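> sequence? don't have it. structure:
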Ligand SMILES: Nc1ncnc2c1ncn2[C@@H]1O[C@H](COP(=O)(O)OP(=O)(O)OP(=O)(O)O)[C@@H](O)[C@H]1O
(Lines give C-alpha, C1' and ligand atoms only; values in the text may rest on other atoms or scores of the structure.)
Protein backbone atom coordinates (compact mmCIF):
# COMPACT_ATOMS: atom_id res chain seq x y z
CA UNK A 1 0.00 0.00 0.00
CA UNK A 2 1.33 3.46 -0.89
CA UNK A 3 0.62 6.78 0.81
CA UNK A 4 -0.59 10.08 -0.61
CA UNK A 5 2.55 11.73 0.77
CA UNK A 6 4.83 9.34 -1.14
CA UNK A 7 2.86 10.08 -4.31
CA UNK A 8 2.91 13.87 -3.83
CA UNK A 9 6.61 13.96 -2.97
CA UNK A 10 7.31 12.22 -6.30
CA UNK A 11 8.81 9.16 -4.60
CA UNK A 12 6.77 6.77 -6.74
CA UNK A 13 8.08 7.98 -10.10
CA UNK A 14 8.49 5.09 -12.52
CA UNK A 15 6.15 2.73 -10.66
CA UNK A 16 3.96 0.35 -12.65
CA UNK A 17 1.51 -0.27 -9.77
CA UNK A 18 -0.12 2.16 -7.37
CA UNK A 19 -2.23 1.09 -4.36
CA UNK A 20 -3.96 4.01 -2.63
CA UNK A 21 -6.46 3.65 0.20
CA UNK A 22 -6.71 7.02 1.93
CA UNK A 23 -10.37 8.09 2.26
CA UNK A 24 -10.11 9.68 -1.17
CA UNK A 25 -13.12 11.61 -2.55
CA UNK A 26 -11.35 12.24 -5.84
CA UNK A 27 -8.36 10.92 -7.74
CA UNK A 28 -5.29 13.00 -6.79
CA UNK A 29 -3.80 14.92 -9.72
CA UNK A 30 -0.36 13.57 -8.89
CA UNK A 31 -1.43 10.15 -10.23
CA UNK A 32 -1.10 11.57 -13.76
CA UNK A 33 2.60 12.12 -13.06
CA UNK A 34 2.92 8.33 -13.32
CA UNK A 35 1.18 8.17 -16.72
CA UNK A 36 4.18 6.89 -18.65
CA UNK A 37 4.59 3.79 -16.47
CA UNK A 38 1.39 3.09 -14.52
CA UNK A 39 -0.24 -0.23 -15.50
CA UNK A 40 -2.12 -1.23 -12.33
CA UNK A 41 -4.16 1.24 -10.26
CA UNK A 42 -5.80 -0.04 -7.09
CA UNK A 43 -8.18 2.44 -5.42
CA UNK A 44 -10.12 -0.07 -3.35
CA UNK A 45 -11.62 1.18 -0.10
CA UNK A 46 -11.97 4.92 -0.71
CA UNK A 47 -15.03 7.21 -1.05
CA UNK A 48 -14.89 7.77 -4.79
CA UNK A 49 -18.03 8.25 -6.85
CA UNK A 50 -16.42 9.42 -10.10
CA UNK A 51 -13.12 9.44 -11.96
CA UNK A 52 -11.55 12.34 -13.90
CA UNK A 53 -12.82 12.83 -17.46
CA UNK A 54 -9.25 12.63 -18.77
CA UNK A 55 -8.40 9.27 -17.12
CA UNK A 56 -7.20 7.99 -20.50
CA UNK A 57 -4.08 10.12 -20.02
CA UNK A 58 -2.98 7.06 -18.03
CA UNK A 59 -2.31 5.54 -21.42
CA UNK A 60 -0.61 2.37 -20.13
CA UNK A 61 -3.34 1.51 -17.61
CA UNK A 62 -4.26 -2.19 -17.94
CA UNK A 63 -5.84 -2.97 -14.57
CA UNK A 64 -8.12 -0.79 -12.44
CA UNK A 65 -9.63 -1.77 -9.07
CA UNK A 66 -12.22 0.53 -7.49
CA UNK A 67 -13.95 -1.93 -5.14
CA UNK A 68 -15.63 -0.69 -1.94
CA UNK A 69 -16.21 2.89 -3.10
CA UNK A 70 -19.38 4.90 -3.77
CA UNK A 71 -19.87 4.65 -7.51
CA UNK A 72 -23.48 4.57 -8.66
CA UNK A 73 -22.55 4.11 -12.33
CA UNK A 74 -19.61 2.50 -14.07
CA UNK A 75 -17.62 5.57 -15.16
CA UNK A 76 -17.89 6.25 -18.90
CA UNK A 77 -14.24 7.35 -18.97
CA UNK A 78 -13.18 3.71 -18.67
CA UNK A 79 -14.25 3.23 -22.26
CA UNK A 80 -11.61 5.75 -23.38
CA UNK A 81 -8.69 3.86 -21.83
CA UNK A 82 -6.88 2.20 -24.74
CA UNK A 83 -5.20 -0.64 -22.82
CA UNK A 84 -7.67 -1.26 -19.98
CA UNK A 85 -8.40 -4.99 -19.84
CA UNK A 86 -9.36 -5.63 -16.23
CA UNK A 87 -11.98 -3.58 -14.41
CA UNK A 88 -12.99 -4.30 -10.80
CA UNK A 89 -15.85 -2.39 -9.13
CA UNK A 90 -16.99 -4.87 -6.48
CA UNK A 91 -19.17 -3.65 -3.57
CA UNK A 92 -20.17 -0.22 -4.83
CA UNK A 93 -23.72 1.01 -5.43
CA UNK A 94 -23.69 0.75 -9.19
CA UNK A 95 -27.05 0.76 -10.97
CA UNK A 96 -26.01 1.96 -14.37
CA UNK A 97 -23.57 0.46 -16.85
CA UNK A 98 -23.46 2.06 -20.29
CA UNK A 99 -21.79 0.73 -23.43
CA UNK A 100 -19.45 3.73 -23.40
CA UNK A 101 -17.98 2.54 -20.08
CA UNK A 102 -16.69 -0.74 -21.53
CA UNK A 103 -13.13 -0.50 -22.86
CA UNK A 104 -12.44 -2.27 -26.15
CA UNK A 105 -9.75 -4.66 -24.77
CA UNK A 106 -11.95 -5.74 -21.81
CA UNK A 107 -10.98 -9.22 -20.64
CA UNK A 108 -12.03 -9.39 -16.98
CA UNK A 109 -14.97 -7.47 -15.49
CA UNK A 110 -15.89 -7.59 -11.79
CA UNK A 111 -19.20 -5.99 -10.82
CA UNK A 112 -20.00 -8.28 -7.87
CA UNK A 113 -22.26 -6.91 -5.14
CA UNK A 114 -23.87 -3.87 -6.76
CA UNK A 115 -27.45 -3.03 -7.77
CA UNK A 116 -27.36 -3.57 -11.54
CA UNK A 117 -30.66 -4.54 -13.20
CA UNK A 118 -29.49 -4.67 -16.81
CA UNK A 119 -26.26 -4.67 -18.80
CA UNK A 120 -25.67 -3.18 -22.26
CA UNK A 121 -25.60 -5.38 -25.37
CA UNK A 122 -22.10 -4.01 -26.05
CA UNK A 123 -20.79 -6.39 -23.38
CA UNK A 124 -20.90 -9.26 -25.86
CA UNK A 125 -19.02 -7.12 -28.37
CA UNK A 126 -15.81 -7.19 -26.40
CA UNK A 127 -14.06 -10.07 -28.17
CA UNK A 128 -11.43 -10.70 -25.47
CA UNK A 129 -13.99 -11.07 -22.63
CA UNK A 130 -12.85 -14.07 -20.59
CA UNK A 131 -14.05 -13.61 -17.01
CA UNK A 132 -17.29 -11.97 -15.91
CA UNK A 133 -18.22 -11.60 -12.24
CA UNK A 134 -21.81 -10.43 -11.73
CA UNK A 135 -22.94 -12.16 -8.52
CA UNK A 136 -25.02 -10.16 -6.06
CA UNK A 137 -26.86 -7.78 -8.37
CA UNK A 138 -30.48 -7.38 -9.47
CA UNK A 139 -30.13 -8.73 -13.01
CA UNK A 140 -33.33 -10.05 -14.57
CA UNK A 141 -31.59 -11.04 -17.79
CA UNK A 142 -28.24 -11.11 -19.58
CA UNK A 143 -27.44 -9.39 -22.90
CA UNK A 144 -28.14 -11.84 -25.73
CA UNK A 145 -24.91 -10.66 -27.37
CA UNK A 146 -22.95 -12.56 -24.73
CA UNK A 147 -23.67 -15.63 -26.84
CA UNK A 148 -20.94 -14.25 -29.13
CA UNK A 149 -18.34 -13.93 -26.37
CA UNK A 150 -16.26 -16.77 -27.78
CA UNK A 151 -13.50 -16.39 -25.17
CA UNK A 152 -15.76 -16.34 -22.11
CA UNK A 153 -14.57 -19.02 -19.68
CA UNK A 154 -15.79 -18.01 -16.25
CA UNK A 155 -19.21 -16.55 -15.45
CA UNK A 156 -20.66 -15.72 -12.02
CA UNK A 157 -24.35 -14.78 -12.00
CA UNK A 158 -25.38 -16.15 -8.57
CA UNK A 159 -27.63 -14.09 -6.29
CA UNK A 160 -29.52 -12.16 -8.97
CA UNK A 161 -33.16 -12.10 -10.16
CA UNK A 162 -32.88 -14.33 -13.19
CA UNK A 163 -36.02 -16.28 -14.04
CA UNK A 164 -34.13 -18.67 -16.32
CA UNK A 165 -30.68 -19.63 -17.47
CA UNK A 166 -30.21 -18.45 -21.07
CA UNK A 167 -30.24 -21.35 -23.55
CA UNK A 168 -27.13 -20.09 -25.35
CA UNK A 169 -24.97 -20.81 -22.32
CA UNK A 170 -25.05 -24.47 -23.38
CA UNK A 171 -23.27 -23.64 -26.64
CA UNK A 172 -20.54 -21.36 -25.32
CA UNK A 173 -17.34 -22.90 -26.71
CA UNK A 174 -15.04 -22.10 -23.79
CA UNK A 175 -17.32 -21.64 -20.77
CA UNK A 176 -16.06 -23.93 -17.99
CA UNK A 177 -16.78 -22.31 -14.62
CA UNK A 178 -20.34 -21.14 -13.96
CA UNK A 179 -22.18 -20.19 -10.74
CA UNK A 180 -25.89 -19.34 -10.75
CA UNK A 181 -27.37 -20.34 -7.35
CA UNK A 182 -29.60 -17.85 -5.56
CA UNK A 183 -31.77 -16.94 -8.54
CA UNK A 184 -35.53 -17.54 -8.63
CA UNK A 185 -35.17 -20.28 -11.28
CA UNK A 186 -32.70 -22.34 -9.26
CA UNK A 187 -34.09 -21.85 -5.75
CA UNK A 188 -36.57 -24.69 -6.17
CA UNK A 189 -33.83 -27.12 -7.23
CA UNK A 190 -31.76 -26.01 -4.23
CA UNK A 191 -34.65 -26.60 -1.83
CA UNK A 192 -35.36 -30.02 -3.39
CA UNK A 193 -31.75 -31.21 -3.23
CA UNK A 194 -31.52 -30.10 0.38
CA UNK A 195 -34.84 -31.70 1.36
CA UNK A 196 -33.77 -35.02 -0.19
CA UNK A 197 -30.45 -35.06 1.66
CA UNK A 198 -31.04 -33.55 5.10
CA UNK A 199 -28.52 -33.72 7.93
CA UNK A 200 -29.38 -33.37 11.63
CA UNK A 201 -28.89 -29.94 13.19
CA UNK A 202 -25.96 -29.82 15.57
CA UNK A 203 -26.60 -28.41 19.03
CA UNK A 204 -24.21 -25.47 19.43
CA UNK A 205 -23.71 -26.29 23.10
CA UNK A 206 -21.88 -29.43 21.98
CA UNK A 207 -19.26 -27.40 20.07
CA UNK A 208 -16.17 -25.79 21.59
CA UNK A 209 -14.86 -23.45 18.93
CA UNK A 210 -11.04 -23.44 18.91
CA UNK A 211 -8.28 -21.63 17.02
CA UNK A 212 -8.63 -20.43 13.43
CA UNK A 213 -7.46 -22.94 10.82
CA UNK A 214 -8.01 -20.80 7.77
CA UNK A 215 -10.21 -18.25 6.09
CA UNK A 216 -12.08 -18.39 2.81
CA UNK A 217 -14.12 -15.76 1.00
CA UNK A 218 -17.33 -16.93 2.67
CA UNK A 219 -16.25 -17.69 6.20
CA UNK A 220 -13.70 -18.58 8.83
CA UNK A 221 -12.75 -22.16 9.67
CA UNK A 222 -11.94 -23.07 13.25
CA UNK A 223 -10.75 -26.23 14.90
CA UNK A 224 -13.56 -27.50 17.15
CA UNK A 225 -14.25 -30.13 19.78
CA UNK A 226 -17.57 -31.93 19.32
CA UNK A 227 -18.75 -33.09 22.72
CA UNK A 228 -21.67 -35.46 22.28
CA UNK A 229 -23.40 -36.90 25.33
CA UNK A 230 -23.40 -40.46 24.02
CA UNK A 231 -20.06 -40.62 22.14
CA UNK A 232 -16.40 -39.75 22.68
CA UNK A 233 -15.38 -36.14 21.98
CA UNK A 234 -14.23 -35.69 18.39
CA UNK A 235 -11.80 -33.19 16.94
CA UNK A 236 -13.58 -31.49 14.00
CA UNK A 237 -13.54 -28.30 11.93
CA UNK A 238 -16.33 -25.73 11.96
CA UNK A 239 -16.94 -23.11 9.30
CA UNK A 240 -18.65 -19.95 10.54
CA UNK A 241 -20.13 -18.08 7.59
CA UNK A 242 -19.81 -14.32 7.19
CA UNK A 243 -23.23 -13.89 5.65
CA UNK A 244 -22.50 -11.56 2.76
CA UNK A 245 -22.47 -12.32 -0.94
CA UNK A 246 -19.05 -13.44 -2.23
CA UNK A 247 -17.78 -13.24 -5.79
CA UNK A 248 -19.09 -16.78 -6.25
CA UNK A 249 -22.47 -16.55 -4.55
CA UNK A 250 -24.40 -16.76 -1.29
CA UNK A 251 -23.28 -18.59 1.85
CA UNK A 252 -26.61 -20.43 2.20
CA UNK A 253 -26.16 -21.99 -1.24
CA UNK A 254 -22.63 -23.08 -0.31
CA UNK A 255 -23.96 -24.66 2.87
CA UNK A 256 -26.82 -26.36 1.04
CA UNK A 257 -24.41 -27.85 -1.52
CA UNK A 258 -21.97 -29.08 1.17
CA UNK A 259 -24.82 -30.80 2.99
CA UNK A 260 -26.53 -32.23 -0.08
CA UNK A 261 -23.27 -33.50 -1.56
CA UNK A 262 -23.34 -36.31 0.99
CA UNK A 263 -20.49 -38.72 1.58
CA UNK A 264 -17.87 -39.55 -1.02
CA UNK A 265 -14.26 -40.71 -0.66
CA UNK A 266 -13.07 -37.48 -2.28
CA UNK A 267 -15.19 -35.02 -0.31
CA UNK A 268 -14.67 -33.60 3.18
CA UNK A 269 -17.30 -35.27 5.39
CA UNK A 270 -19.96 -32.97 6.79
CA UNK A 271 -21.60 -33.71 10.17
CA UNK A 272 -24.30 -31.09 9.77
CA UNK A 273 -25.29 -27.43 10.11
CA UNK A 274 -25.17 -25.80 13.53
CA UNK A 275 -28.64 -25.16 14.95
CA UNK A 276 -29.71 -21.57 14.36
CA UNK A 277 -29.37 -19.17 17.25
CA UNK A 278 -30.18 -15.43 17.36
CA UNK A 279 -27.12 -13.27 16.63
CA UNK A 280 -24.98 -16.36 15.92
CA UNK A 281 -23.45 -16.87 12.50
CA UNK A 282 -24.59 -19.86 10.41
CA UNK A 283 -22.11 -22.68 10.81
CA UNK A 284 -21.24 -26.08 9.38
CA UNK A 285 -19.51 -28.86 11.29
CA UNK A 286 -17.16 -31.02 9.22
CA UNK A 287 -14.30 -33.43 9.46
CA UNK A 288 -10.88 -32.02 10.22
CA UNK A 289 -8.60 -32.34 7.23
CA UNK A 290 -5.06 -33.53 7.92
CA UNK A 291 -2.57 -30.70 7.20
CA UNK A 292 -0.73 -33.10 4.86
CA UNK A 293 -3.51 -32.24 2.38
CA UNK A 294 -2.58 -29.07 0.52
CA UNK A 295 -4.08 -27.27 -2.49
CA UNK A 296 -2.67 -28.62 -5.73
CA UNK A 297 -2.12 -25.08 -7.07
CA UNK A 298 -2.79 -21.44 -6.25
CA UNK A 299 -5.84 -19.61 -7.69
CA UNK A 300 -5.50 -17.67 -10.95
CA UNK A 301 -3.39 -14.51 -10.89
CA UNK A 302 -4.06 -11.21 -12.64
CA UNK A 303 -1.87 -12.46 -15.47
CA UNK A 304 -3.24 -16.01 -15.74
CA UNK A 305 -6.88 -14.73 -15.49
CA UNK A 306 -8.75 -18.05 -15.57
CA UNK A 307 -5.97 -20.59 -15.09
CA UNK A 308 -4.45 -21.74 -11.81
CA UNK A 309 -0.87 -20.99 -10.87
CA UNK A 310 1.28 -24.04 -10.10
CA UNK A 311 4.52 -24.05 -8.15
CA UNK A 312 7.54 -23.89 -10.48
CA UNK A 313 8.64 -27.35 -9.35
CA UNK A 314 5.22 -29.07 -9.60
CA UNK A 315 5.81 -32.45 -11.15
CA UNK A 316 3.65 -35.58 -11.24
CA UNK A 317 4.19 -39.18 -12.22
CA UNK A 318 1.70 -40.62 -14.70
CA UNK A 319 0.16 -42.60 -11.84
CA UNK A 320 -0.26 -39.50 -9.64
CA UNK A 321 -1.92 -37.65 -12.52
CA UNK A 322 -4.24 -40.58 -13.14
CA UNK A 323 -5.17 -40.77 -9.45
CA UNK A 324 -5.84 -37.05 -9.08
CA UNK A 325 -7.82 -36.88 -12.33
CA UNK A 326 -9.85 -39.96 -11.37
CA UNK A 327 -10.70 -38.43 -8.00
CA UNK A 328 -11.82 -35.16 -9.60
CA UNK A 329 -13.90 -36.93 -12.24
CA UNK A 330 -15.54 -39.36 -9.82
CA UNK A 331 -16.55 -36.61 -7.42
CA UNK A 332 -17.89 -34.49 -10.29
CA UNK A 333 -19.98 -37.45 -11.48
CA UNK A 334 -21.25 -37.97 -7.92
CA UNK A 335 -22.31 -34.31 -7.60
CA UNK A 336 -23.95 -34.25 -11.02
CA UNK A 337 -25.99 -37.33 -10.13
CA UNK A 338 -27.44 -35.29 -7.26
CA UNK A 339 -28.19 -32.24 -9.41
CA UNK A 340 -25.22 -30.20 -8.15
CA UNK A 341 -22.77 -28.34 -10.39
CA UNK A 342 -19.54 -27.59 -8.52
CA UNK A 343 -18.84 -24.55 -10.67
CA UNK A 344 -15.24 -24.12 -9.54
CA UNK A 345 -13.52 -27.38 -10.54
CA UNK A 346 -9.97 -26.16 -10.26
CA UNK A 347 -6.64 -27.47 -8.99
CA UNK A 348 -6.68 -24.81 -6.26
CA UNK A 349 -9.79 -26.49 -4.85
CA UNK A 350 -8.24 -29.96 -4.84
CA UNK A 351 -6.50 -30.82 -1.59
CA UNK A 352 -3.89 -33.47 -2.24
CA UNK A 353 -1.55 -35.35 0.10
CA UNK A 354 1.90 -36.72 -0.80
CA UNK A 355 0.35 -40.09 -1.74
CA UNK A 356 -1.90 -38.28 -4.26
CA UNK A 357 -5.02 -38.84 -2.16
CA UNK A 358 -7.40 -36.11 -3.10
CA UNK A 359 -10.34 -34.10 -1.69
CA UNK A 360 -12.48 -31.63 -3.63
CA UNK A 361 -13.29 -28.59 -1.49
CA UNK A 362 -14.97 -25.18 -1.83
CA UNK A 363 -18.67 -25.30 -2.69
CA UNK A 364 -18.87 -21.50 -2.82
CA UNK A 365 -19.77 -21.54 -6.52
CA UNK A 366 -22.00 -24.63 -6.44
CA UNK A 367 -25.38 -24.42 -8.20
CA UNK A 368 -28.40 -26.69 -8.46
CA UNK A 369 -30.11 -28.08 -11.54
CA UNK A 370 -33.05 -30.31 -12.36
CA UNK A 371 -32.01 -33.91 -12.83
CA UNK A 372 -32.72 -35.40 -16.24
CA UNK A 373 -33.24 -32.00 -17.87
CA UNK A 374 -31.55 -30.98 -21.12
CA UNK A 375 -30.12 -28.06 -19.22
CA UNK A 376 -28.62 -30.43 -16.63
CA UNK A 377 -26.83 -32.36 -19.38
CA UNK A 378 -25.46 -29.14 -20.85
CA UNK A 379 -24.15 -28.07 -17.46
CA UNK A 380 -22.32 -31.36 -17.06
CA UNK A 381 -20.61 -30.83 -20.44
CA UNK A 382 -19.65 -27.37 -19.28
CA UNK A 383 -17.97 -28.83 -16.18
CA UNK A 384 -16.29 -31.41 -18.45
CA UNK A 385 -14.36 -28.50 -19.94
CA UNK A 386 -13.19 -27.43 -16.48
CA UNK A 387 -12.03 -31.00 -15.98
CA UNK A 388 -10.26 -30.90 -19.37
CA UNK A 389 -8.36 -27.75 -18.35
CA UNK A 390 -7.36 -29.38 -15.07
CA UNK A 391 -6.17 -32.54 -16.82
CA UNK A 392 -4.25 -30.51 -19.37
CA UNK A 393 -2.46 -28.64 -16.58
CA UNK A 394 -1.59 -31.90 -14.81
CA UNK A 395 -0.28 -33.45 -18.02
CA UNK A 396 1.91 -30.41 -18.70
CA UNK A 397 3.69 -31.32 -15.47
CA UNK A 398 3.67 -35.10 -15.88
CA UNK A 399 6.73 -37.12 -16.76
CA UNK A 400 5.78 -39.34 -19.76
CA UNK A 401 2.10 -38.32 -20.02
CA UNK A 402 -0.07 -41.16 -21.41
CA UNK A 403 -1.27 -40.35 -24.92
CA UNK A 404 -4.82 -41.46 -24.08
CA UNK A 405 -5.01 -38.80 -21.37
CA UNK A 406 -3.69 -36.07 -23.66
CA UNK A 407 -6.46 -36.99 -26.11
CA UNK A 408 -9.00 -36.99 -23.27
CA UNK A 409 -7.99 -33.48 -22.12
CA UNK A 410 -8.45 -32.24 -25.70
CA UNK A 411 -11.82 -33.98 -26.11
CA UNK A 412 -13.10 -32.44 -22.85
CA UNK A 413 -12.21 -28.98 -24.16
CA UNK A 414 -13.88 -29.42 -27.54
CA UNK A 415 -15.34 -26.10 -28.71
CA UNK A 416 -18.64 -27.83 -29.45
CA UNK A 417 -19.85 -28.76 -25.95
CA UNK A 418 -22.24 -31.50 -27.06
CA UNK A 419 -19.37 -33.55 -28.47
CA UNK A 420 -17.45 -33.59 -25.17
CA UNK A 421 -17.40 -36.91 -23.30
CA UNK A 422 -19.62 -37.23 -20.21
CA UNK A 423 -18.12 -38.14 -16.85
CA UNK A 424 -18.89 -41.86 -17.29
CA UNK A 425 -16.87 -41.85 -20.49
CA UNK A 426 -14.14 -39.76 -18.85
CA UNK A 427 -13.84 -42.26 -16.00
CA UNK A 428 -13.75 -45.19 -18.42
CA UNK A 429 -10.75 -43.64 -20.24
CA UNK A 430 -9.01 -42.94 -16.94
CA UNK A 431 -9.49 -46.54 -15.79
CA UNK A 432 -7.84 -47.86 -18.96
CA UNK A 433 -4.93 -45.37 -18.85
N1 LIG B 1 -12.26 -29.26 7.18
C2 LIG B 1 -11.13 -28.57 7.33
N3 LIG B 1 -10.12 -29.01 8.10
C4 LIG B 1 -8.97 -28.29 8.25
N5 LIG B 1 -8.76 -27.09 7.68
C6 LIG B 1 -9.72 -26.59 6.89
C7 LIG B 1 -10.94 -27.30 6.67
N8 LIG B 1 -11.72 -26.56 5.84
C9 LIG B 1 -11.00 -25.46 5.55
N10 LIG B 1 -9.80 -25.45 6.18
C11 LIG B 1 -8.77 -24.41 6.09
O12 LIG B 1 -9.40 -23.15 5.90
C13 LIG B 1 -9.01 -22.54 4.67
C14 LIG B 1 -10.20 -21.84 4.04
O15 LIG B 1 -11.14 -22.81 3.67
P16 LIG B 1 -12.47 -22.52 2.83
O17 LIG B 1 -12.99 -23.81 2.37
O18 LIG B 1 -13.40 -21.61 3.57
O19 LIG B 1 -11.99 -21.55 1.75
P20 LIG B 1 -11.34 -21.79 0.36
O21 LIG B 1 -12.22 -22.67 -0.42
O22 LIG B 1 -9.92 -22.24 0.53
O23 LIG B 1 -11.33 -20.31 -0.15
P24 LIG B 1 -12.41 -19.50 -1.01
O25 LIG B 1 -13.78 -19.85 -0.48
O26 LIG B 1 -12.02 -18.09 -0.74
O27 LIG B 1 -12.17 -19.95 -2.42
C28 LIG B 1 -8.46 -23.70 3.82
O29 LIG B 1 -7.50 -23.24 2.93
C30 LIG B 1 -7.85 -24.60 4.91
O31 LIG B 1 -6.57 -24.13 5.26
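Nice, I can see it. What you see is a predicted model, and the numbers here were worked out from it, not measured in a lab.
> touching, residue 112 and residue 94? I think so.
No - when contacts are counted by Cβ atoms under 8 Å, residue 112 is not listed as touching residue 94 (10.4 Å). No exception for glycine: its C-beta is placed from N, CA and C like everyone else's.
> for residue 109, grab phi and psi.
Here is the backbone geometry of residue 109 (degrees, to the nearest 10): phi -120, psi 120.
> report the contact partners of it.
86, 87, 102, 123, 129, 131, 132, 133 (Cβ atoms under 8 Å, 6 or more residues apart in numbering).
> any idea how far residue 247 is from it?
Remark: distance between residue 109 and residue 247 (Cβ to Cβ, to the nearest Å) = 12 Å.
> find residues that contact each of these two.
Common contacts of residue 109 and residue 247 (Cβ under 8 Å, 6+ apart): residue 133.
> pick the one among the contacts of residue 109 closest to residue 237.
Top of the list for closeness to residue 237, among the contacts of residue 109 and by Cβ to Cβ, is residue 133 at 27.9 Å.
> and for the closest one, the neighbour number?
Residue 133 sits with 21 neighbouring residues when counted by other Cβ atoms under 10 Å.
> can you pull the pLDDT of it?
The pLDDT attached to residue 133 in the predicted structure is 98.
> how about residue 403?
Note on residue 403: pLDDT of 97.
> how about residue 192?
With respect to pLDDT, residue 192 has a value of 86.
> that one and residue 368, how far apart?
8 Å.
> what pairs with the residue nearest to residue 283 when sequence neighbours are not counted across the strands?
The shortest distance from residue 283 to any non-neighbouring residue, by Cβ to Cβ, 6 or more residues apart in numbering, is to residue 274 (3.7 Å). Per DSSP bridges, the residues bridged to residue 274 are residue 202.
> which element is the residue most central in space within the chain on?
Taking Cα atoms, centre = their mean as the criterion, residue 248 is the residue nearest the geometric centre of the chain, at 4.9 Å. Assigned by DSSP states H and E, residue 248 belongs to neither a helix nor a strand.
> do residue 313 as well
Applying DSSP H and E, one finds residue 313 in no helix or strand.
> the ligand contacts on the chain?
213-219, 221, 237, 239, 268, 286-289, 361-362, 364 (Cβ under 6 Å from any ligand atom).
> check what pLDDT residue 41 gets.
98.
> quick one, what contacts it?
If you count contacts by Cβ under 8 Å, 6+ apart, then residue 41 has 17, 18, 31, 58, 61, 63, 64, 65 around it.
> surely it forms part of a strand?
Yes - the assignment for residue 41 (DSSP: H, G, I helix; E, B strand; the rest coil) places it in a strand.
> how far away is it from residue 18?
Counting by Cβ to Cβ, the gap between residue 41 and residue 18 amounts to 5 Å.
> next: residue 231.
56 Å.
> more crowded one of the two?
Taking residue 231 and residue 18 together and counting by other Cβ under 10 Å, residue 18 has the greater number of neighbours (21 against 8).
> skipping adjacent residues, who's closest to residue 229 in space?
If the residues on either side of it in the chain are set aside, residue 229 comes closest to residue 206, at 7.9 Å by Cβ to Cβ, 6+ apart.
> give me phi/psi at the one you found?
Here residue 206 shows phi and psi, under degrees, to the nearest 10, equal to phi -90, psi 0.
> give me the contact list for the helix-or-strand element of the chain with minimal mean pLDDT.
Within the chain, judged by mean pLDDT, DSSP states H and E, the helix or strand with the poorest mean is helix 184-196; its value is a mean of 87. Helix 184-196 is touched from outside by 161-165, 180-181, 253, 256-257, 259-260, 338-340, 367-370, with contacts defined as Cβ under 8 Å, 6+ apart.
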